[in-house]
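Engineer: Please find the sequence and the predicted model below.
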Amino acid sequence: MGDTRPATRRDTERAETGRRGAVVAALMLAMALAALDSTVVSTAVPQIVGDLGGFSVFSWLFSGYLLAVTVTLPLYGKLSDTFGRKPVLIVGAALFLLGSLLCALAWNMGALIAFRIVQGLGGGALQGTVQTLAADLYPLKERPRIQARLSTVWAVSAVAGPGIGGLLAGYADWRWIFLVNLPVGAVALWLIVRHLPEPRRESAGKARVDWAGACAVFACGGVLLTALVQGGVAWPWWSAPSLGLFGAGIVLVGVVVAVERRAAEPIIPGWVWRRRTIAAVNLALGALGLLMVAPTVFLPTYAQAVLELDPVSAGFVLSVWTLSWPLSAALSQHVYRRIGFRDTALLGIGTATAVLLAFPFLPYPGAAWQPALLMLVLGGALGLFQLPLLVGVQSTVGWAERGTTTASVLFCRQTGQTIGASVFGAVANAVLASRLGGTGDLDSVARDLEAGSTAPGTRHAVAEAVHAVYLGAAGAAALAFLALLVLAPRVFPVRGE
């Protein structure tokens, strides 16, 4: 009898560890679905367009998905706080898999774009709820480990995605890009249903959902993000469609504010911006989304046009930051336990600012190892910046507010990326046009790269355009530094476990 209780306790702990391991595996699979999506699809665009047509609108394969993910993040965050993480994650995964199946069955480009939006409606739930569950499942001292694993999923996806997409499109059929999601997602769903617990919560009456606010947020975000994504691409910035969308977006912002003020349980509650810590992290990670556009969008073009590398080598120059980012994120706990969340993030973003400022001073045309080295340092700096802020802000709220808080952070980062793509695209095109006598833009450079002919004058113009973008990214990093320095408390108000 004397050994029964210790043995039972050990068995219980072993079962708990196994259950949590199964849940973490499910979260990593769910995150992989969302992380691989755009990188896999991007390499299959020629095959998709060749089969379905619709070249003039194929960019909506990415824009539609991005819009759906971004505008649904606040809604899913609130729903997970109201009804629990498990049902939201199950519904999101099911929507994503339904969208994947429909994409594989698409008969023209319009149908494929519509089904990509369905995928995005599920992808918003996957991104926000997985990050929230990572904080729910682990105490503060263990959260960097699970967050580092999720960062590794994103890193591996960034490197492997284009290769997987190319193999499937080249040797099978582009429809398999969407069909392979089904078995992976089915395993993740089974693990979630079987192993993810849902804690009992005290009920204060029937749960109320602010559906009017949800519709207003969805409409407002959709209109404004469409204006940003398509402005300067589908139509000029100062054209009637662009001005009309921005005008409608401003009106809808007023509608959102009016509806949310009257709501008993608003989708975007006011405390998200009234609390200094959350507001500072939202602004800082919004700036992170802005600055990430410089390397992810413009560095491959720089590597091919200026350094004259082939596409595979150009991809390697970018991918090196996916090595240092997860490693730095995993090690950041040893820094923030000594100097705090805010100061660790300041150290990271300060280093990132210096790296971004150094890029325009690289020699022309230079060697591939030089930007690769800067990207390696940049990845380490951003790992030191992002993870402490995410772990820190999640630790300042309880379970009932964590979904909304996490969703607000991710929403700001996604919105920052959308704004950055539009703003920096306009900057790069303006610099190219001025250096090439008003005849150049990024599309013409891309065509020259595909044809294997980039004139020396074009190479210089691309270098100057990318330098301007990196200076803008350094400005965004400096804004993130100031937001943390001025708004964030030196010691985050961490709640007890």
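Structural biologist: Cool, got the structure.
Engineer: Identify the residues contacting the residue most central in space within the chain.
Structural biologist: Against the mean C-alpha coordinate of the chain, by Cα atoms, centre = their mean, the closest residue is Gln414 at 5.4 Å. The contact partners of Gln414, taken as Cβ atoms under 8 Å, 6 or more residues apart in numbering, are 66, 69-70, 73, 289. Heads up, the C-betas are built off the backbone N, CA and C, glycines and all.
Engineer: and with 10 Å instead?
Structural biologist: Listed by Cβ atoms under 10 Å, 6 or more residues apart in numbering, the contact set of Gln414 reads 66-67, 69-71, 73, 124, 127, 221, 225, 285-286, 289.
Engineer: Need those residues in a markdown table (columns: pLDDT, neighbour count and distance to His334).
Structural biologist: Shown next, in a markdown table, are the contacts of Gln414 (pLDDT from 0 to 100; neighbours: other Cβ atoms under 10 Å; distance: Cβ to Cβ, whole Å):
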| residue | pLDDT | neighbour count | distance to His334 |
| --- | --- | --- | --- |
| Leu66 | 83 | 22 | 35 |
| Leu67 | 83 | 25 | 39 |
| Val69 | 87 | 27 | 33 |
| Thr70 | 85 | 24 | 33 |
| Val71 | 84 | 25 | 37 |
| Leu73 | 89 | 27 | 31 |
| Gly124 | 89 | 28 | 33 |
| Gln127 | 86 | 25 | 27 |
| Gly221 | 81 | 26 | 38 |
| Leu225 | 80 | 23 | 38 |
| Leu285 | 94 | 27 | 22 |
| Gly286 | 93 | 23 | 27 |
| Gly289 | 90 | 21 | 26 |
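Engineer: Identify the farthest-apart pair in those.
Structural biologist: Leu67 and Leu285 (19.2 Å; Cβ to Cβ).
Engineer: Contacts for the strand or helix carrying Gln47, please.
Structural biologist: Per DSSP states H and E: Gln47 is located in helix 45-52. Outside helix 45-52, the residues that touch it by Cβ under 10 Å, 6+ apart are 41, 44, 54-59, 61-62, 103, 106-113, 165-166, 168-170, 173-175, 177.
Engineer: Show me what secondary structure element comes after that helix.
Structural biologist: helix 60-83.
Engineer: And that following helix, what does it pack against?
Structural biologist: helix 4-42, helix 45-52, helix 85-104, helix 109-137, helix 211-230, helix 399-435 (3 or more Cβ pairs under 10 Å, 6 or more residues apart in numbering; DSSP states H and E).
Engineer: Tell me the helix or strand right after the lowest-mean-pLDDT helix or strand in the chain.
Structural biologist: For the chain, counting by mean pLDDT, DSSP states H and E, helix 442-451 ranks last in confidence among helices and strands (a mean of 59). Sequence order places helix 456-487 as the next helix or strand after helix 442-451, per DSSP H and E.
Engineer: Check the offset of that next one from the chain's centre.
Structural biologist: Offset of helix 456-487 from its chain centre (Cα atoms, centre = their mean, to the nearest Å): 20 Å.
Engineer: tell me which residues in that helix are buried?
Structural biologist: 458-470, 472-481, 483-485, 487 (16 or more other Cβ atoms under 10 Å).
Engineer: Which other helices and strands does that helix contact?
Structural biologist: Looks like helix 456-487 contacts helix 276-293, helix 299-305, helix 341-358, helix 369-394, helix 399-435, helix 442-451 (3+ Cβ pairs under 10 Å, 6+ apart).
Engineer: just to revisit the earlier point, type out the PyMOL command that picks the buried ones from the contacts of helix 45-52.
Structural biologist: Applying 16+ other Cβ under 10 Å to the contacts of helix 45-52 leaves a buried subset, and the PyMOL line that selects it is:
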select buried, resi 41+44+54+57+58+61+62+103+106+109+112+113+165+168+169+174+175+177
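Engineer: Tell me how the chain divides into domains.
Structural biologist: Here the domain parsing of the chain from automatic domain parsing is 1-196, 210-257, 268-497.
Engineer: can you tell me the distance between the two ends of the second one?
Structural biologist: One end of domain 210-257 sits 13 Å from the other (Cα to Cα, to the nearest Å).
Engineer: residues touching Leu318, list them.
Structural biologist: 158-159, 295-300, 302-303, 371-372, 375.
Engineer: can we see that at 8 Å?
Structural biologist: Taking Cβ under 8 Å, 6+ apart, we find Leu318 in contact with 295-296, 299-300, 303, 375.
Engineer: Same check on Ala94?
Structural biologist: 122, 189.
Engineer: Recalculate using a threshold of 7 Å.
Structural biologist: By Cβ atoms under 7 Å, 6 or more residues apart in numbering, the contact list for Ala94 is empty.
Engineer: mind checking how far it is from Pro87?
Structural biologist: 11 Å (Cβ to Cβ, to the nearest Å).
Engineer: try Asn429
Structural biologist: 45 Å.
Engineer: Make CSV from the helices and strands packed on helix 60-83 and add distance to Leu245 to it.
Structural biologist: Listed next are the helices and strands packed on helix 60-83 as CSV, based on distance: least, Cβ to Cβ, whole Å:
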stretch, distance to Leu245
helix 4-42, 23
helix 45-52, 25
helix 85-104, 25
helix 109-137, 17
helix 211-230, 4
helix 399-435, 12
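Engineer: Could you identify which of the ones you listed is most buried?
Structural biologist: Highest mean neighbour count of these: helix 109-137, a mean of 24 (counted as mean count of other Cβ atoms under 10 Å).
Engineer: how big is the angle separating that helix from helix 211-230?
Structural biologist: 120 degrees (axes from the mean of the first three to the mean of the last three Cα atoms, to 10 degrees).
Engineer: who does helix 109-137 touch, helix- and strand-wise?
Structural biologist: Where contact means 3 or more Cβ pairs under 7 Å, 6 or more residues apart in numbering; DSSP states H and E, helix 109-137 is packed against helix 4-42, helix 60-83, helix 85-104, helix 143-171, helix 399-435.
Engineer: now those as CSV including distance to Ile278?
Structural biologist: CSV is the format used below for the helices and strands packed on helix 109-137 (distance: least, Cβ to Cβ, whole Å):
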stretch, distance to Ile278
helix 4-42, 23
helix 60-83, 12
helix 85-104, 19
helix 143-171, 17
helix 399-435, 6
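Engineer: and the closest residue to Arg149 other than its chain neighbours, what does it touch?
Structural biologist: Nearest residue to Arg149, sequence neighbours excluded (Cβ to Cβ, 6 or more residues apart in numbering): Met28, at 6.3 Å. By Cβ under 7 Å, 6+ apart, the contact set of Met28 is 149-150, 153.
Engineer: Val259 now?
Structural biologist: 212-213, 216.
Engineer: By pLDDT, rank those residues and give me the bottom one.
Structural biologist: Lowest in pLDDT among these is Gly213, which has 80.
Engineer: any idea how far that residue lies from Ala258?
Structural biologist: Gly213 is 10 Å from Ala258, by Cβ to Cβ.
Engineer: which residues touch stretch 388-399?
Structural biologist: So stretch 388-399 is contacted by 135-136, 140, 143-144, 147, 277-278, 281, 284-285, 332, 336, 341, 344-345, 402, 405-406, 409, 492-495 (Cβ under 7 Å, 6+ apart).
Engineer: any idea how far Thr152 is from Leu307?
Structural biologist: Counting by Cβ to Cβ - Leu307 and Thr152 are separated by 28 Å.
Engineer: again, but for Pro74
Structural biologist: Pro74 is 27 Å from Thr152, by Cβ to Cβ.
Engineer: Could you list every helix and strand in contact with the host helix or strand of Ala329?
Structural biologist: Element membership for Ala329 (DSSP H and E) is helix 321-339. Packing partners of helix 321-339 (3+ Cβ pairs under 7 Å, 6+ apart): helix 143-171, helix 341-358, helix 369-394.
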